[in-house]
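Enquirer: Pasting a predicted model and its sequence here:
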Amino acid sequence: MSRFAGTDLACIRGERLVFQGLGFALDAGQALVLGGANGSGKSSLLRLLAGLARPAGGTLSWDGASIADDPDAHRARLLYVGHADPLKPALTVAENLAFWAALRAGRRLADSAVVAALDAFAIGRLAGVPGRYLSAGQRRRVNLARLAVSPVALWLLDEPTTALDAAAGESLRALIAAHRARGGMVVASTHSELGLDGARQLNLDAPAAAGGIKENHVSVPA
């Protein structure tokens, strides 16, 4: 069984210490929800978990081995969905999704799989629409549809419900539940309730003491 863990993690952004002494551990099928105010370090932590930046202290490991030992292997096992929705404006919605799936899997995705992924977020009708014509909510749903065509172990989601309506939020929760049922892991930041059953919580808000330096570990819902 796979385990993704962080020990005594520290992050420096600019010249400011954002957090230190942070720890977590996730096993197959588990989810970790990151909470905290803007600027508390949620996005910075997700970038560390994705291997896009190095921690100022501490270690990140997969099955006991540091992810720094083989960064390519770590990138291959995860999908990171950040704030930006990286759609090519000249490509249609279906072409954008097929492009990302091919980039991830190294092969062309069947048209039926593209349609199924778009239908999961009720945007199949937009398959032939160029990316430049999409609204913010539609762009977000296309970006999240990548989850349905990415057979990886770890999903890292930064504010995934931004610009989503209630129906799309339910679609996302269903997709996450199916991923976890297959043994996948999820780490997601949020300002609102995601509704993930049994998810662990990690609050990055600084305590009043220690001048904003956070020392934090995951808590498990009762």
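Expert: Now that the structure is in, tell me what you want to look at. Just so we're clear, the structure is a prediction, and the values are computed from it rather than from any experiment.

Enquirer: This protein: strands as residue ranges?
Expert: 3-13, 16-27, 31-35, 57-62, 65-66, 78-81, 154-158, 185-189, 200-203 (DSSP state E).

Enquirer: Need the winner for burial among those strands.
Expert: Highest mean neighbour count among the strands of the chain (mean count of other CB atoms under 10 Å): strand 185-189, with a mean of 24. Glycine gets a C-beta too; all of them are placed from N, C-alpha and C.

Enquirer: Which elements pack onto that one?
Expert: Judged by 3 or more CB pairs under 8 Å, 6 or more residues apart in numbering; DSSP states H and E, strand 185-189 is in contact with strand 16-27, strand 31-35, helix 42-49, strand 154-158, helix 166-181.

Enquirer: Count the residues that sit near Ala163.
Expert: Residues lying near Ala163 (other CB atoms under 10 Å) number 14.

Enquirer: was I right about it contacting Val142?
Expert: No - with contact defined as CB atoms under 8 Å, Ala163 and Val142 do not form a contacting pair (11.4 Å).

Enquirer: Low-confidence stretches in this protein?
Expert: 105-107, 206-222 (pLDDT under 70).

Enquirer: change it to 50
Expert: Within the chain, the stretches with pLDDT under 50 are 207-215, 222.

Enquirer: do you know how far Glu164 is from Leu194?
Expert: Actually, residue 164 is Leu. It isn't Glu. 11 Å (CB to CB, to the nearest Å).

Enquirer: what's the answer for Gln138, then?
Expert: With CB to CB as the criterion, Gln138 and Leu194 are 21 Å apart.

Enquirer: thinking again about what came up before, could the strands of the chain go into JSON lines alongside distance to Ile123?
Expert: Listed next are these as JSON lines, based on distance: least, CB to CB, whole Å:
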{"stretch": "strand 3-13", "distance to Ile123": "31"}
{"stretch": "strand 16-27", "distance to Ile123": "30"}
{"stretch": "strand 31-35", "distance to Ile123": "24"}
{"stretch": "strand 57-62", "distance to Ile123": "33"}
{"stretch": "strand 65-66", "distance to Ile123": "39"}
{"stretch": "strand 78-81", "distance to Ile123": "16"}
{"stretch": "strand 154-158", "distance to Ile123": "18"}
{"stretch": "strand 185-189", "distance to Ile123": "21"}
{"stretch": "strand 200-203", "distance to Ile123": "31"}
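
Enquirer: sorry, back to before: nearest to Arg132, out of the helices and strands packed on strand 185-189?
Expert: Nearest to Arg132, of all those, is helix 166-181, at 20.6 Å by CB to CB.

Enquirer: Run through the neighbouring helices and strands of the closest one.
Expert: helix 136-145, strand 185-189.

Enquirer: Could you list the residues in contact with the shortest one?
Expert: To tie it back to what came earlier, the one meant is strand 185-189. The contact list for strand 185-189, computed with CB atoms under 8 Å, 6 or more residues apart in numbering, reads 2, 4, 26-35, 42-43, 45-46, 49, 153-160, 176, 179-180, 194, 196, 199.

Enquirer: Am I right that Leu194 is in contact with Gly35?
Expert: No - judged on CB under 8 Å, Leu194 makes no contact with Gly35 at a distance of 10.0 Å.

Enquirer: Gly58 is nearest to which of the helices and strands packed on helix 166-181?
Expert: Closest among the helices and strands packed on helix 166-181, once you apply CB to CB, is strand 185-189, at 15.9 Å.

Enquirer: chain center to stretch 101-112: distance?
Expert: What separates the centre of stretch 101-112 from the centre of its chain is 20 Å, taken as CA atoms, centre = their mean, to the nearest Å.
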